[in-house]
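Asks: this is the structure alone, sequence omitted:
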Ligand code: IMP
């Protein structure tokens with residue numbers, strides 16, 4: 001049920017369909033395969049990049065090494081982040097590509113790039129599925145970009161709101177006011193059935 005006074009919004013606008021996502025991922029995989037014939041370590045940022053990474057690696061024609069790191073914000077209302085799970089691979093002398101689901105203000109990628117650069121990689125690049133270029137606070141060079149968006153808040157294909165919507169095979173625009181008043185505002189329209197709290201989709205504070 002919606003909280004009183006907040007009618008549930010209609011279905012969100014689909015921005016990128018499953019077919020378009022597939023096409024974008026294949027294009028990026030082609031670019032990476034041509035650039036890194038000598039090998040590459042793909043470092044994905046948990047959790048949002050996992051769907052993108054899974055499709056990306058299957059479309060590569062080279063053999064990548066895959067590693068993960070996890071970051072968390074210090075708490076509500078702060079942009080500061082810290083690494084809570086570091087990569088396992090030794091990155092020294094390796095070509096490294098940071099794989100992200102979305103670059104928004106650029107603060108997260110800037111922080112992670114700084115951390116990775118300290119490990120003396122041979123080269124360091126960013127591959128992001130989505131780029132909200134208009135919202136950038138920190139100037140950034142993104143070498144591999146799937147789709148450039150406006151400043152809409154988007155959901156699906158790894159991107160969540162309070163843990164919901166990650167497992168959708170599309171990217172849709174969410175109304176942040178509607179989501180703030182009811183994080184499950186689009187669950188019924190996007191998943192086709194009501195889902196309760198017991199589905200366990202809600203993640204803890206600071207989870208990405
Ligand atoms: P940053 O502002 O570039 O540091 O992005 C921080 C993080 O915010 C991203 O890695 C995502 O986890 C999240 N984020 C930014 N924009 C969106 C969005 O439109 N939908 C869902 N998550 C987002």
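Replies: All right, it came through fine. All values reported here derive from a predicted model rather than from experimental measurement.
Asks: residues from this structure in reach of the ligand?
Replies: The chain has residues 48, 102-109, 153-154, 159, 208 near the ligand, with proximity defined as CB under 6 Å from any ligand atom. In this view, the C-beta of every residue, glycine as well, is placed from N, C-alpha and C.
Asks: if any of those residues are buried, put those into a ChimeraX selection.
Replies: Filtering these down to the buried ones (16 or more other CB atoms under 10 Å) takes a single ChimeraX command:
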select :48,102,103,104,106,107,108,109,153,154,159,208
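Asks: mind giving me TSV with the residues of the chain next to the ligand and columns for distance to residue 18?
Replies: Converted to TSV, the residues of the chain next to the ligand look like this (distance: CB to CB, whole Å):
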residue	distance to residue 18
48	17
102	17
103	22
104	23
105	28
106	28
107	30
108	26
109	26
153	20
154	15
159	14
208	23
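Asks: in strands only, show me the residues of the chain next to the ligand.
Replies: 102-103, 153-154 (DSSP state E).
Asks: which two of the residues you listed have the greatest separation?
Replies: The largest separation in those, counting by CB to CB, is between 103 and 153 at 14.2 Å.
Asks: state the pLDDT value of the most centrally placed residue in the chain.
Replies: The centroid of the chain falls nearest to residue 101 when counting by CA atoms, centre = their mean (2.3 Å). Here, the pLDDT recorded for residue 101 equals 98.
Asks: please settle this for me: is residue 180 part of a helix?
Replies: Yes - counting by DSSP: H, G, I helix; E, B strand; the rest coil, residue 180 is found in a helix.
Asks: tally up the residues packed near it, please.
Replies: 12 (other CB atoms under 10 Å).
Asks: distance-wise, check it relative to residue 147.
Replies: According to CB to CB, to the nearest Å, residue 180 stands 25 Å off from residue 147.
Asks: ok, longest helix in this structure?
Replies: The longest helix of the chain (DSSP state H) is helix 18-35.
Asks: just the strands in this structure please.
Replies: 14-16, 41-46, 65-73, 81-85, 95-103, 123-131, 144-148, 153-155, 171-174.
Asks: hey, what's residue 44 bridged with?
Replies: As for beta bridges, residue 44 partners with residue 68, residue 99 under DSSP bridges.
Asks: okay, now it: neighbour count?
Replies: Count around residue 44 with other CB under 10 Å applied: 26.
Asks: repeat for residue 161
Replies: Residue 161 is flanked by 19 other residues according to other CB under 10 Å.
Asks: same check on residue 90?
Replies: 11.
Asks: list the buried residues for stretch 14-32?
Replies: For stretch 14-32, burial by neighbour count (16+ other CB under 10 Å) applies to 15-16, 21, 24-25, 28-29, 32.
Asks: among these, which pair sits farthest apart?
Replies: Top of the distance list for the buried residues of stretch 14-32 (CB to CB): 15 and 32, 23.5 Å.
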